[in-house]
Each structure stands twice: as structure tokens, then as C-alpha cells.
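Chemist: Turn this into a model:
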Amino acid sequence: MPEIIAIFAQIYFTMGLLSILLLGVGLSLDTFAVSLTLGCFSERITSRQRIRFLVTIGMFHFLMILAGWTFGESISGLIADYDHWIAFVLLGFVGGKMIQEGCSPAKDSAPTSDLLSLRNTLLLGLALSIDALISGFSLGLIKVALLSGSQFKNILISALLIGITAALISAIGLRIGRFASTRLGPKAEIFGGIILIGIGVKIVIDHLC
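Modeler: Below is the predicted model of the structure:
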């Protein structure tokens, strides 16, 4: 009996490839929703800004997983006290800007937008990847078995897979948002801005409840 219990315990506390991919998808849900709304600005966001956004999202998720695993509970707990407010303020700002531009007459709309400026892109990357920091700490409490070798190697590969997953899901969100914007026009921007603010409110409620 003890041997059977040990086997089930090892299975339960071991994360394989499927578990890591599912974790990556779970961490990317808010990122997908934000990317979806950002896609509504397809005419005002350059290809360079889109690529930079995707790289930033993937890189921040990768780094946050490693930071959470490396520094453990101390830094994860500290950030967790404020992450929802950071996300709320930032998403509220971006959402308000989208609504403002959506309500502006077409002739007054700028051909390009600073919505995905370097500063805003970095702030979005930070706000949307903080949950990955907590997940990185959680990965330190269980065994990750993707490859034979050290646990650090497995965590490194896990962080890379999660970062790639976040970037790919964000790319899908941008594409769908771009598709919608061509049919809804300014209304898509207004609707997207409302959704963005709603996501920020949801994040705060989830953390406070």
C-alpha cells in the first residue's frame, strides 16, 4: 500500500508536457482578451509594434516563470499584493484611450497610435504576466518532468514553452481583433475599450474575493 500511495503522489505532483501547455494556455487567457481588443486598432498599429508586443508578452511570461521559481514565495507574495491594481490601472488607461479614439470623428483620428508605444508595451507585458510569477513559484513546489536532467533545465524549458504559448495566443487574438475591426469600424474600438476595462475590473474582483 505505501508503494501505491507513493506512485500516485509522484504522478499527482509531477507536471509533464501537457500540463505545462495547459498552464501556458491558462496564463494566456487575459492576454488573449487584451490582444483581441488591441487588434481593433489594426489600422493604427504598425507591424513593428505588433511584433514587439508579441515578443514582449512571450519574454515577460518566460522571465516571470523563472523569477517565481528562483526567488520563491517572498517575491511572489509581495507582487501578488499589488498585481491586480497594476493591471486594473493600466488596462483602464488603455481601454479609455480606445473608447476615446473610437468616439473621435474619422477625420480627426491619427493614422498611427501610441497605444503600443515601447512604454505601453512593456507595461502591458508586465501587467499581463504577473500571474506567471506566482505560477513559477508553484512550479518550485512540484516536480517538472519534461526531460531527463536537472530541475532547472526542466523549469527553463517550461518557461520557454509558456512564453511561446502566450505569444502565439496573443497573435491569434490580434488577428481576430483585426478581422472584427474591418467590419465594425470605430464601434469595435469602443466595444474593445469597454471589454478591456471590464477585464481590469474582473482581475481586481478575482483577487479581492
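
Chemist: Please enumerate the helices of this protein.
Modeler: Per DSSP state H, the chain has helices spanning 2-12, 17-27, 29-38, 47-71, 73-80, 83-103, 118-139, 151-184, 186-208. These are given in chain order.

Chemist: which of these is buried the deepest?
Modeler: Among these, judged by mean count of other CB atoms under 10 Å, the one packed with the most neighbours on average is helix 29-38 (a mean of 23). Where C-beta positions appear, they are placed from N, C-alpha and C, glycine not excepted.

Chemist: which other residues reach that helix?
Modeler: The list of residues contacting helix 29-38 from outside it, by CB atoms under 8 Å, 6 or more residues apart in numbering, reads 45, 53, 57, 87, 91, 94-95, 98, 115-116, 124, 128-129, 131, 166, 169-174, 176-177, 192-193, 195-196, 199, 203.

Chemist: got it, and stretch 128-138?
Modeler: If you take CB under 8 Å, 6+ apart as the criterion, stretch 128-138 is touched by 23, 27, 30-31, 34, 57, 60-61, 63-73, 75-76, 79-80, 83, 86-87, 155, 159, 162, 166.

Chemist: distance of Ile45 from Ser117?
Modeler: Look at Ile45 and Ser117: by CB to CB, to the nearest Å, they are 10 Å apart.

Chemist: before we move on, back to that, could I get the helices of the chain as TSV with mean pLDDT?
Modeler: Rendered in TSV, the data for the helices of the chain read as follows (pLDDT from 0 to 100):
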stretch	mean pLDDT
helix 2-12	39
helix 17-27	86
helix 29-38	85
helix 47-71	92
helix 73-80	61
helix 83-103	74
helix 118-139	84
helix 151-184	86
helix 186-208	74
